[in-house]
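J.: Okay, predicted coordinates and the sequence, questions at the end:
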Amino acid sequence: MSLIPGSVSHFSNPKAAAANQYSQAQKDIISVASSDRAVADISLWPGYKATDLNSFSAMASDLNLAKVWYKDEAQRFDLKSFKALGGAYAVARQLQKALVEKGLSEPSISDLLEGKCAQDVKDLVVSCATDGNHGRSVAWGAQMFGCGCVIYIHRDVSQGRQEAMQDFGAQVVRITGNYDESVKTADREAKANNRIIVSDTSYPGYMEIPKDVALGYTVMLAEIIEQLDDDKPTHVFIQGGVGGLASAVCGYFWDHWGEARPRFVIVEPEQANCLQESAKAGEAVAVTGDLETLMAGLACGEVSSLAWEILATGGDDFMTLSEDAVAPLMKMLAQGYKTDAAVEAGESAVPGLAGAIVAAQSDEYRQTLGLTSESKILVIGTEGATDPELYQSLIK
Ligand SMILES: Cc1ncc(COP(=O)(O)O)c(C=O)c1O
């Protein structure tokens, strides 16, 4: 029986087989211990609550799997995506560091939230390039903590996503190139105007801030561990853009579970498979072209350097997913599969689950990925209807 259409390609990472240890260099990027501060700080933000971890038992049963867990980030604050955790957390950390550099004592999150440093932070400006969700988080953080914000978007970012950032008081600049070009423009303008770039992607010479972004994401992972209540996934299927999310998930779970960590499967759009190509090349490489995909949050051609430090050995399998799987799965989730809970899942939320379903429906891929009736799959529904108009048109 076929739940959704679509096809996948698969590459098994030859470097993963030898990687049974989470190295100190990798722990320096993401660890359970370093996530503690993010957990403590973010739980103080107004409106914080853990998002649901749904168990889709009807789906698991029809796919001949033991479990399908779906972490529902559509409920993350009012931003409807896990990205709310990363950008805004890095904004707070940058403001804290900037005040220390000014010779003041480091403000706590509560100090920032209560406006105790309003005079000192109001002239600081944060900036980034985004395909939507990261910029929304940075804009929201800037508004929540009281600094200025300029966001750069590429030609394919929808009007709805642009307006959502403007609603948080950000100045939004649209360029004519693709995502990678918007990153370069934001960088250049930040240097010229003394702005702090808060990017979710890292490159040599720019590592600390994306590390804070990824630490923000780990709050979601700490919630998952608690919600699993001593149970454990055998496989994690996670969608990849620049790899920041995938590396946070992989690194946190690897540190937590050690050698008993789940098998880690990364899923990307066919036209924007920089992580899969990097695994094939044995080093971080870029893909070029227009990166066109419905999965807007994943339209990235260049891997984040920090992310690759973890995924080079932590990623077991690198898959691509065809575009035709996306809308049917969004629709199925909106209605709720049989007796399973209905969830709102945006275009970039579903590739991990879609990859798992397409693989579980195929004897060949079940064998390749070691999927059996005992397998427990974890996926993260990373966004809800972050572009409501587009969402409605896709689930019709
Ligand atoms: C909803 C959603 N899911 C997944 C991702 C992928 O995250 P990363 O670029 O860190 O790989 C993004 C990135 O923007 C996103 O917006």
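T.: Received it, and whenever you're ready, just let me know what you need. Numbering: from 1, shown residues only.
J.: Return the residues of this protein in contact with the ligand.
T.: The chain comes close to the ligand at residues 81, 83, 131, 133-134, 200, 239-246, 297-298, 300, 348-349, 382-383, as judged by Cβ under 6 Å from any ligand atom. C-beta: built from backbone N, CA, C; applies to glycine.
J.: Take the residues you listed and keep only those in strands.
T.: residue 239 (DSSP state E).
J.: Now, the residues of the chain next to the ligand that are in helices?
T.: Using DSSP state H, 83, 133, 134, 244, 245, 246 are the members of these that sit in helices.
J.: Helix or strand: which one has the residue of the chain positioned farthest from its centre?
T.: Distance from the C-alpha centroid of the chain peaks at residue 103, with 34.4 Å (Cα atoms, centre = their mean). Using DSSP states H and E, residue 103 sits within no helix or strand.
J.: in stretch 66-84, what counts as buried?
T.: Within stretch 66-84, the residues scored as buried using 16 or more other Cβ atoms under 10 Å are 66-77, 79-84.
J.: Over to stretch 328-337?
T.: Of all the residues in stretch 328-337, those buried under the rule 16+ other Cβ under 10 Å are 328, 329, 330, 332, 333, 334, 337.
J.: How about stretch 93-105?
T.: Under 16+ other Cβ under 10 Å, the buried positions of stretch 93-105 are 93, 94, 95, 96, 98, 99.
J.: For the nearest residue to the fourth one once chain neighbours are set aside, give me its contacts.
T.: Nearest residue to residue 96, sequence neighbours excluded (Cβ to Cβ, 6 or more residues apart in numbering): residue 106, at 5.1 Å. The contact partners of residue 106, by Cβ atoms under 8 Å, 6 or more residues apart in numbering, come to 96, 97, 99, 100.
J.: for those, which one is nearest residue 284?
T.: residue 97 (27.3 Å; Cβ to Cβ).
J.: per-residue confidence at that closest one?
T.: pLDDT, residue 97: 98.
J.: which residues does it contact?
T.: Residue 97 touches residue 106, counting by Cβ under 8 Å, 6+ apart.
J.: Excluding sequence neighbours, find me the nearest residue to the residue in the stretch 1-150 of the chain that the ligand sits nearest to.
T.: Nearest residue of the stretch 1-150 of the chain to the ligand (Cβ to the nearest ligand atom) works out as residue 133 at 3.6 Å. Excluding the flanking residues, the one nearest residue 133 by Cβ to Cβ, 6+ apart is residue 83, at 3.8 Å.
J.: list the contacts for that neighbour?
T.: Residues counted as contacts of residue 83 (Cβ under 8 Å, 6+ apart) are 133, 134, 136, 137, 200, 297, 382, 383.
J.: my read: the first one touches residue 383, true?
T.: Yes: using Cβ atoms under 8 Å, residue 133 is in contact with residue 383, at 6.2 Å.
J.: Wait, residue 228 touches residue 67, no?
T.: No: using Cβ under 8 Å, residue 228 makes no contact with residue 67, being 9.8 Å away.
J.: OK, contacts around residue 290?
T.: With Cβ under 8 Å, 6+ apart, residue 290 has these contacts: 178, 271.
J.: what about it, distance to residue 301?
T.: 9 Å (Cβ to Cβ, to the nearest Å).
J.: list residues touching both of these two?
T.: Common neighbours of residue 290 and residue 301, counting by Cβ under 8 Å, 6+ apart, are residue 178.
J.: Show me what the helix or strand in which residue 188 is found is packed against.
T.: Per DSSP H and E, residue 188 falls inside helix 179-193. Helix 179-193 sits against strand 125-130, strand 148-153, strand 196-197, with contacts defined as 3 or more Cβ pairs under 8 Å, 6 or more residues apart in numbering; DSSP states H and E.
J.: what's the closest of those strands to residue 52?
T.: That would be strand 125-130 among these, by Cβ to Cβ, at 26.0 Å.
J.: now that closest one and helix 179-193, what's the angle there?
T.: Relative orientation of strand 125-130 versus helix 179-193 (axes from the mean of the first three to the mean of the last three Cα atoms, to 10 degrees): 160 degrees.
J.: pLDDT (mean, whole number) over strand 125-130?
T.: Computed over strand 125-130, the mean pLDDT rounds to 96.
J.: now stretch 259-278
T.: Here the average pLDDT along stretch 259-278 is 97.
J.: Now that stretch: buried residues?
T.: For stretch 259-278, using 16+ other Cβ under 10 Å, the buried residues are 261-269, 271-278.
J.: can you check stretch 176-188 too?
T.: Under 16+ other Cβ under 10 Å, the buried positions of stretch 176-188 are 178, 179, 180, 182, 183, 185, 186, 187.
J.: try stretch 163-179
T.: Neighbour counts over stretch 163-179 (16+ other Cβ under 10 Å) mark 164, 165, 168, 170, 172, 173, 175, 178, 179 as buried.
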